[in-house]
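Colleague: 3D, please:
(one chain, ligands or ions: 1)
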Amino acid sequence: MTINLSDVGKCALAADGTVLVTGGPGSGKTTLALLKAQRLIPALKPGQEVLFLSFSRAAVRQVLIGCKDILTAGERKHIAVKTYHAFCMEILKSHGRLLNGKCPTILFPGPERLAKSRFDGEWSTEVQRLASEDGLYAFSTFAGCAAALLVRSASVRELISDTYPVIILDEFQDTDDAQWALVKQVARGSSLITLADPDQRIFDYHADIDPERLNQFRARFAPQEFNFGSDNHRSPNAGILAFADAVMANEVPPVTDDVKQVRTYPNNHEATVHAAVIWLLSKLRKAGIDSPSVAVLARSNSYVGDISLMLGKSHTYSKQSCKPVDHHVVWDAELTAAAAQVVASILEWPLNDAVASAASTLEAIADFYEMKNAEHPSKSAQRDAASYRAAATRVREGKEPRSNGAKAVKAACVTGLLFRGDSVEDWLMARGVLGSSDKLAELFTAARFVRLFRATDEIGGRLSALWAETGTYRDARTVVRRTLNLGRLMAIETEPRGVVLMTLHKSKGKEFDGVVIVEGQYSGSFFNDRWEKPPFAATRRLLRVGITRARHRVMIVRPNAAPPLSGAGNSEGAAA
Ligand SMILES: Nc1ncnc2c1ncn2[C@@H]1O[C@H](COP(=O)(O)OP(=O)(O)OP(=O)(O)O)[C@@H](O)[C@H]1O
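Modeller: Numbers count the residues shown, from 1 in each chain. A predicted model of the protein is given here:
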């Protein structure tokens, strides 16, 4: 790969000490940081590494791809790319005992979400108590506790800085208060290479992500600063960045072949989304990219699930038939695991009477909504969790449940299911119960994504073994839980290719040949004045992040009734 550095880039590369590199999407900040790492690696002492800190595993993966392009295999041994969570977990596991004398243990996100939704009180206070009194660290406490440890132990701080004399901080604009406290500690002995784009700030709805973070960094460290401005190496010949900048500034976007906007009507929305993906793939192939990567991005997780259903069906668009498109979905693993527990509970139905069976499935459904509420707190998730929990109690008391979803579960249970020992067919039959009522559609969608764990064969094998042993699916829930935990770890290591669906938020830091951004007709709308005031600055930054993930082409599919993306007519026409 040929890297051409601008004059500013050359100065940034040559600069010693703490630096701040700013610039727009694709301006080459990450690449520059890796080039700086390459320059510094020969001076490292044995055992030392350059540390690259990022926020998500997806971002780490993208950086590792960049490492392969720029660094030799030998050089790559001297760079550690980690999430803040992984870095802090290492510090706490190795030295956490110094904080309170307790052997440190980790409260993983799944169990934490459930514990949180069941806890009657202020959870943020409780997790602090668990950390300080019990040595049990939830992910949200990692950075704060690791920072506290470094404040109190000069030896640990020196050890860290000795191991990592240079630390690269990615996406610094999204650093929260606890991570900032940690950065201030490690900076006492290590030099920092800090990368940021204030306009890619998309998590600032979190109260502890301060829009002033970059200025705080400047005030504290007086770094040498380099601004790559609107350099654009990701899509250098494309109007993508200009279009994205116009959307962000709420100005009329330039006309460019690289960004195509398509409007849909209710009767052709699904077919248009499907055709857009196929069209983009074919355009990219015609442009000489043999196996193009295409991201399909939407505003909400549930709408991502809907798009997956659309791409899984056949459609006819302009008299052309569109076959199902094979795709990956970056999905919420905890929700899928909770939905799989519901299906597994149905597999256990023949082992108990109808009352106990229906009640246990209704409880598993309540757990699913508790998990959902813990992930994205909402009144509807809380209401559903309470309603299914109450339905389980009513059924146990011999009463009829009140909601239609619970009634559908109870009715299916009373009718009964006849499993035959073919674990795949039996799984589908059990899952089919969730497809029997509109009220259970969300669960049904989440359960479909079990295959994303790449664990379906494993689950099938283990369920078959259970059947062979007992002629039943006794303990199906335990088997499924254990298998999914394993599958979840494995899935993290695999980089999706081809068509991949995810939320706009999850696309941050990633790069694809093409991007399709879809606005839903009834959900996943871009501009909604119920939770954001015109001119929708946060949504505009988010759309800019999504649009600029593309190297070559972008398609934006929106309902006909939606207001223009930007420019005159946007602010007054907020979508419902
Ligand atoms: N100086 C350069 N010469 C050629 N290609 C480059 C250069 N800098 C970056 N690139 C390429 O441009 C793309 C984007 O670069 P990079 O990821 O470093 O940008 P970024 O500023 O970190 O982007 P973002 O903020 O959007 O994540 C990558 O594919 C990278 O390989």
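Colleague: near the ligand, which residues of the stretch 51-200 of the chain?
Modeller: Residues of the stretch 51-200 of the chain lying close to the ligand (C-beta under 6 Å from any ligand atom) are 197, 200. The C-beta positions use only the backbone N, C-alpha and C, and glycine is treated the same way.
Colleague: Does the residue of the stretch 201-350 of the chain found nearest the ligand belong to a helix, a strand or coil?
Modeller: With C-beta to the nearest ligand atom, the shortest gap between the stretch 201-350 of the chain and the ligand falls at residue 233, namely 3.2 Å. Assigned by DSSP: H, G, I helix; E, B strand; the rest coil, the conformation of residue 233 is coil.
Colleague: Next: residue 321.
Modeller: Following three-state DSSP, residue 321 is assigned to strand.
Colleague: Next, the contact list for it, please.
Modeller: Taking C-beta atoms under 8 Å, 6 or more residues apart in numbering, we find residue 321 in contact with 314-315.
Colleague: same check, this time on residue 153
Modeller: Neighbouring residues of residue 153 by C-beta under 8 Å, 6+ apart: 95, 98.
Colleague: What is the burial count for the closest residue to the residue of the stretch 201-350 of the chain closest to the ligand other than its chain neighbours?
Modeller: What sits nearest to residue 233 in space, not counting adjacent residues and going by C-beta to C-beta, 6 or more residues apart in numbering, is residue 28, at 5.0 Å. Residue 28 has 24 neighbours, counted by other C-beta atoms under 10 Å.
Colleague: Next: residue 281.
Modeller: Using other C-beta under 10 Å: residue 281 sits among 21 other residues.
Colleague: sec struct for it, please.
Modeller: Per three-state DSSP, residue 281 ends up helix.
Colleague: Residue 251 too?
Modeller: Put simply, residue 251 is coil when judged by three-state DSSP.
Colleague: Just to check, it is in contact with residue 566?
Modeller: Yes - when contacts are counted by C-beta atoms under 8 Å, residue 251 is listed as touching residue 566 (6.0 Å).
Colleague: Who has more neighbours out of the two?
Modeller: Between residue 251 and residue 566, counted using other C-beta under 10 Å, residue 566 has the larger neighbour count: 22 against 13.
Colleague: Smallest distance to the ligand belongs to which residue of the stretch 401-550 of the chain?
Modeller: residue 509 (5.0 Å).
Colleague: Please name the nearest non-neighbouring residue to that residue.
Modeller: Leaving aside its sequence neighbours, residue 509 sits nearest to residue 59 (C-beta to C-beta, 6+ apart; 3.9 Å).
Colleague: repeat for residue 105
Modeller: In space, and not counting its chain neighbours, residue 105 is closest to residue 136: 5.3 Å by C-beta to C-beta, 6+ apart.
Colleague: How about the contacts made by the one you found?
Modeller: Counting by C-beta under 8 Å, 6+ apart, residue 136 makes contact with 105-107, 130.
Colleague: which one among the residues you listed gets closest to residue 64?
Modeller: Nearest to residue 64 out of those is residue 106 (C-beta to C-beta; 23.5 Å).
Colleague: in a strand, that's where that closest one is, yeah?
Modeller: Yes - the assignment for residue 106 is a strand, going by three-state DSSP.
Colleague: For it, name its beta-bridge partners.
Modeller: residue 137 (DSSP bridges).
Colleague: and it, how far is that from residue 128?
Modeller: Residue 106 sits 15 Å away from residue 128, going by C-beta to C-beta, to the nearest Å.
Colleague: sorry, back to before: wait, the residue nearest to residue 509 sits on residue 507?
Modeller: No - look at residue 59 against residue 507 with C-beta under 8 Å: they stay out of range, at 10.5 Å.
Colleague: next helix or strand past the helix or strand of the chain with the lowest mean pLDDT?
Modeller: The weakest-scoring helix or strand in the chain, judged by mean pLDDT, DSSP states H and E, is helix 476-492 (a mean of 69). For helix 476-492, the following helix or strand on the C-terminal side (DSSP states H and E) is strand 499-503.
Colleague: Sheet-wise, list the partners of the biggest strand by length in the chain with their directions.
Modeller: Counting by DSSP state E, the longest strand found in the chain is strand 550-559. Pairing partners of strand 550-559, with direction, according to DSSP bridges: strand 259-264 (parallel), strand 512-518 (parallel).
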